[in-house]
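S.K.: Got a predicted model here, sequence first, then my questions.
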Amino acid sequence: MKSHQPRRPLHDRAAIVPGLYEKNLGAVDEWTLSTFLGDKLQRTLEDHCNTFIIEEDIAQLAGAGLTWIRFPIPFWLAQHFP
C-alpha cells in the first residue's frame, strides 16, 4: 500500500511550537511528525495540547486588556465541520 502525503502542511505548528519538531529533525508538519513519532504521536500531541495554552494564559491576556483572540484553524476543518 502506498503512503499518501498531503501537498500542504496540515497545520504550520512547526513555526508555532518548534520544540516538537526540533526533537524530530526532518519533521516539517503534523504529517511528517506523525511518521517520526509513530506510536508516541497521540500521547505527544495530547501532552502538547493540554499544556500549550491554558486557562491561566487566557486570564492573563484578559487582565492585560485583550478582548479577542485569533485561533488559527486549518481550512480543511471548516470544510468538514461547518
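M.R.: Thanks, I have it. Numbers count the residues shown, from 1 in each chain.

S.K.: just the helices in the protein please.
M.R.: Defined through DSSP state H, the helices belonging to the chain, from first to last, are 13-16, 18-22, 30-37, 41-51, 55-63, 75-80.

S.K.: buried set for the second one?
M.R.: Applying a neighbour-count criterion of 16 or more other CB atoms under 10 Å, the buried positions in helix 18-22 are Leu20, Tyr21. From N, CA and C alone the C-beta is placed, and that goes for glycine too.

S.K.: just checking, what packs against that helix?
M.R.: Contacts of helix 18-22 with other secondary structure elements, assessed using 3 or more CB pairs under 8 Å, 6 or more residues apart in numbering; DSSP states H and E, are made with helix 13-16.

S.K.: Let me have the helices of the chain in TSV, extended by distance to Ile69.
M.R.: Supplementary listing: those in TSV, determined by distance: least, CB to CB, whole Å:
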stretch	distance to Ile69
helix 13-16	14
helix 18-22	21
helix 30-37	22
helix 41-51	16
helix 55-63	7
helix 75-80	17
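
S.K.: Quickly compare the ones you listed and say which is most buried.
M.R.: helix 30-37 (a mean of 17; mean count of other CB atoms under 10 Å).

S.K.: list the helices and strands it packs on?
M.R.: Other elements packing on helix 30-37 under the criterion 3+ CB pairs under 8 Å, 6+ apart are helix 41-51.

S.K.: still on that earlier bit, okay, the helices of the chain in a markdown table with mean pLDDT next?
M.R.: Formatted as a markdown table, these follow (pLDDT from 0 to 100):
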| stretch | mean pLDDT |
| --- | --- |
| helix 13-16 | 66 |
| helix 18-22 | 78 |
| helix 30-37 | 86 |
| helix 41-51 | 86 |
| helix 55-63 | 93 |
| helix 75-80 | 68 |
